[in-house]
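Student: build me a structure from this.
(one chain, ligands or ions: 1)
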Amino acid sequence: MQSRSQQLHIPKGIRFSCSECGNCCLQWPVPATTDDFERIERAREELGGAFPASRELFRVLNAADSKLSLFSHSLEKRADGKCAFLTGENRCVLHEKLGPDAKPAMCRLFPYTFTGTPDGVFCSVSFASTATLFNQGEFLDRQSDILQKKHELFSQLFPQLNLDWSYAQVVDGVPLDWAVYREYEAPVLSCLEQESARRAEALLFEKTEGFRKLVPPEVNLDNMADFEARPKLIDQVLIKHLLRFYVPVDVFGESSMDFQARSVLEEVIRGSEKVELVWMSKGIGFGQIFSSDLGDLSDQCRDLLRRFLYLRVFSKLFFGPGFNYLSVVAGFHHLITIAVLARLCLKLDLLSGVLSRDELATQKALLRLAEHMRSIERRLTVADFSEETIAMLEILLASPRRIERLISLSA
Ligand code: SF4
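Tutor: Now for the predicted structure:
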């Protein structure tokens with residue numbers, strides 16, 4: 001009999017089956033255990049073929065990160081950015097010739113993720129996967145055997161990953177009991193679970209009002225640091241830097257996992273007159289962004305944003321040990337801001353001429369949004385914020401008025 005903390009929870013309405021797009025085999029080095037390394041070394045000889053020598057194929061890891069303590073190597077990519085084992089037909093040659101167990105454990109796990117909590121383990125799938133982005137394949141709640149096995153693999157790979165939720169906070173300095181969190185989370189989740197004609201980030205903002213009401217009245221969420229600066233200037237500088245962090249020009253070339261908190265504050269203190277976003281090498285001012293409307297997105301685009309928010313909330317990967325120890329209110333507001341950024345990317349696509357207004361309802365806009373979401377997910381996965389960054393986000397993202405303004409910015 002399974003204990004409560006081991007029970008698997010599976011999100012509703014979410015599909016995934018590998019679409020063999022090969023996208024997860026591009027660019028990123030794959031962490032490999034010593035077992036993976038030895039097995040792949042043997043397979044390389046067994047398969048013959050023109051695979052690189054092992055000193056080029058693998059890099060020895062210096063395990064500074066305790067979460068990755070089981071990984072001794074990383075499987076590097078070729079000069080063209082693809083894995084040496086990816087065929088011209090986007091198939092993994094290890095899988096094809098020697099079976100799925102021949103692949104590195106991380107490749108077998110992807111894109112499934114698991115978050116341990118006092119109430120059980122919450123499953124999710126990564127939006128870096130094409131099938132997740134387009135909700136393709138088998139429903140997760142019909143894959144419980146697969147999920148059990150993936151969870152066993154996850155537990156073997158990350159044996160020390162015991163997330164401690166006892167330090168969850170409503171906002172910085174205001175503790176939140178886990179049972180209270182779950183009680184308040186239930187209506188938020190049931191709302192995001194269903195398809196909706198409404199903008200998911202606006203819905204999420206409305207439904208998280210209960211959490212903001214848990215904040216003691218003496219805490220001024222709109223100015224927690226008692227810091228005098230033009231609020232709209234802060235909005236713009238924050239968006240500019242968040243956009244640069246989450247949707248960099250080259251997501252694979254971007255190595256810093258921290259956000260430039262100091263640059264945000266310096267720019268706000270300098271009191272710049274005009275903030276510009278750089279998109280497709282063009283400078284686009286906030287005046288232009290305010291004066292243009294994104295309008296209605298297609299049902300598929302809206303649903304993509306809704307599923308992203310639903311899965312992040314379901315899997316608790318947005319606050320406390322689930323994401324950089326942000327408080328629940330800042331964590332929800334950060335998630336809403338992420339959806340705002342994704343919509344803003346489409347708006348910038350329109351303003352820079354990458355998309356025409358007529359194309360907004362077409363597959364082209366869906367593909368653009370999917371690539372923006374893939375970039376955001378990849379950056380969220382590696383984001384490792386310093387205490388300085390977390391403190392700044394806690395203060396700037398606590399403000400409900402700021403979040404309302406940001407929601408209207410991406411309308
Ligand atoms: S080992 Fe196979 S599954 Fe893993 S990245 Fe390479 S090609 Fe993809």
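
Student: which non-adjacent residue is nearest V329?
Tutor: V171 (4.8 Å; Cβ to Cβ, 6 or more residues apart in numbering). No exception for glycine: its C-beta is placed from N, CA and C like everyone else's.

Student: got the contact list for the one you found?
Tutor: By Cβ atoms under 8 Å, 6 or more residues apart in numbering, V171 lies in contact with V215, V219, L221, M224, S327, V328, V329, A330, E394, A398.

Student: now, among those residues, which is nearest to the ligand?
Tutor: Relative to the ligand, the closest of the contacts of V171 is A330; by Cβ to the nearest ligand atom it sits at 34.6 Å.

Student: quick one: pLDDT of the closest residue to the ligand within the stretch 151-300 of the chain?
Tutor: In the stretch 151-300 of the chain, the residue that lies nearest the ligand is F252 (13.7 Å; Cβ to the nearest ligand atom). We have a pLDDT of 74 for F252.

Student: T87 is in contact with H95, correct?
Tutor: No - counting by Cβ atoms under 8 Å, H95 stays clear of T87, with 10.1 Å between them.

Student: pick out whichever of those two has more residues nearby.
Tutor: For H95 versus T87, the count of surrounding residues by other Cβ atoms under 10 Å is larger for H95: 17 against 13.

Student: how many other residues sit next to the residue of the stretch 101-250 of the chain at minimum distance from the ligand?
Tutor: Of all residues in the stretch 101-250 of the chain, the one sitting closest to the ligand is C107 (3.3 Å; Cβ to the nearest ligand atom). A total of 20 residues lie near C107 under the criterion other Cβ under 10 Å.

Student: now do the same contact list for it.
Tutor: C24, C25, V30, C92.

Student: quick one on the thing from earlier: min pLDDT across the contacts of V171, which one?
Tutor: On pLDDT alone, M224 ranks lowest of the contacts of V171, at 84.

Student: using PDB, write out every CA atom in the helix ranked longest in the chain.
Tutor: Across the chain, the helix with the greatest residue count (assigned by DSSP state H) is helix 328-351. Output of helix 328-351 as PDB, limited to C-alpha atoms (Å, rounded to 0.1, in the frame of the first residue of the first chain):
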ATOM      1  CA  VAL A 328       2.900  32.100  -3.300                       C
ATOM      2  CA  VAL A 329       1.700  35.600  -4.200                       C
ATOM      3  CA  ALA A 330       4.900  36.500  -6.000                       C
ATOM      4  CA  GLY A 331       5.000  33.000  -7.600                       C
ATOM      5  CA  PHE A 332       1.500  33.400  -9.000                       C
ATOM      6  CA  HIS A 333       2.200  36.900 -10.200                       C
ATOM      7  CA  HIS A 334       5.500  35.700 -11.800                       C
ATOM      8  CA  LEU A 335       3.500  33.000 -13.700                       C
ATOM      9  CA  ILE A 336       0.900  35.600 -14.900                       C
ATOM     10  CA  THR A 337       3.800  37.800 -16.000                       C
ATOM     11  CA  ILE A 338       5.200  34.800 -18.000                       C
ATOM     12  CA  ALA A 339       1.900  34.500 -19.900                       C
ATOM     13  CA  VAL A 340       2.000  38.300 -20.400                       C
ATOM     14  CA  LEU A 341       5.500  37.900 -21.900                       C
ATOM     15  CA  ALA A 342       4.300  35.200 -24.200                       C
ATOM     16  CA  ARG A 343       1.400  37.300 -25.500                       C
ATOM     17  CA  LEU A 344       3.800  40.300 -25.700                       C
ATOM     18  CA  CYS A 345       6.100  38.300 -28.000                       C
ATOM     19  CA  LEU A 346       3.200  37.800 -30.400                       C
ATOM     20  CA  LYS A 347       2.500  41.600 -30.200                       C
ATOM     21  CA  LEU A 348       6.200  42.300 -31.000                       C
ATOM     22  CA  ASP A 349       6.000  39.800 -33.900                       C
ATOM     23  CA  LEU A 350       3.100  41.900 -35.200                       C
ATOM     24  CA  LEU A 351       4.900  45.200 -34.700                       C
END
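
Student: weed out the non-buried ones from the contacts of V171.
Tutor: Buried members of those, scored by 16 or more other Cβ atoms under 10 Å, are V215, L221, M224, S327, V328, V329, A330, E394, A398.
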